[in-house]
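*Asks:* got a predicted structure here, sequence first:
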Amino acid sequence: MKDSLEKRECTRVFVLDTSAFLSGLPLVLTEECIYTTPEVVEEVKDQESRTKLEISLESKRVLVVEPPRRMTTKLGFKGLSLADASILNLALEFKARGAREVIVVTDDYALQRAAGILGLKYMPVRTLGIDKSPRKKERI
């Protein structure tokens with residue numbers, strides 16, 4: 001189920017949080033480079049969202065990648081789950097590997113705020129997103 005970061009050549013990368021799967025977003029995104037983490041997959045529990053997730057995974061529209069462990073879990077961001085930290089780690093890895101645009105897709109305000117502080121763009125799914133980041137706003 002886990003794929004490698006080397007699978008696709010991407011300039012624009014979407015890294016999806018649980019909220020993206022709960023909304024069915026991967027089924028409508030037309031981008032080729034859509035990723036998530038095993039921690040996010042574990043969070044998707046309800047049957048309808050799980051079915052959408054499985055369709056996205058089976059069709060290879062979404063790849064599950066175990067991110068390398070980075071320092072995000074030690075930065076002191078409040079309100080971040082293990083899945084949130086994994087999303088940030090994966091997004092930072094793509095950025096470090098030279099992806100031109102890395103976008104964290106989430107409705108989680110704490111995750112949006114952390115992404116902005118780390119210099120990552122974010123895209124809300126069903127909400128308007130946070131108004132301000134303490135240091136930097138990178139909403140697309």
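*Replies:* All right, it came through fine.

*Asks:* show me where the protein has its helices.
*Replies:* 18-23, 38-43, 47-58, 82-96, 109-117 (DSSP state H).

*Asks:* any buried residues in the first one, and which?
*Replies:* This means helix 18-23. 18-23 (16 or more other CB atoms under 10 Å). The way it works is simple: take the backbone N, C-alpha and C, and place the C-beta from them, glycine included.

*Asks:* how much space separates residue 14 from residue 86?
*Replies:* 15 Å (CB to CB, to the nearest Å).

*Asks:* again with residue 37
*Replies:* Residue 37 sits 4 Å away from residue 86, going by CB to CB.

*Asks:* tell me which helix or strand of the protein sits lowest on mean pLDDT?
*Replies:* Lowest on mean pLDDT, DSSP states H and E among the helices and strands of the chain sits helix 18-23, with a mean of 85.

*Asks:* just the CA trace of that helix, in CSV.
*Replies:* In CSV, the C-alpha atoms belonging to helix 18-23 read as follows (Å, rounded to 0.1, in the frame of the first residue of the first chain):
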residue,chain,number,x,y,z
THR,A,18,-8.2,13.4,6.4
SER,A,19,-10.7,16.2,5.7
ALA,A,20,-9.9,15.9,2.0
PHE,A,21,-11.0,12.3,2.0
LEU,A,22,-14.1,13.0,4.1
SER,A,23,-15.2,15.5,1.4
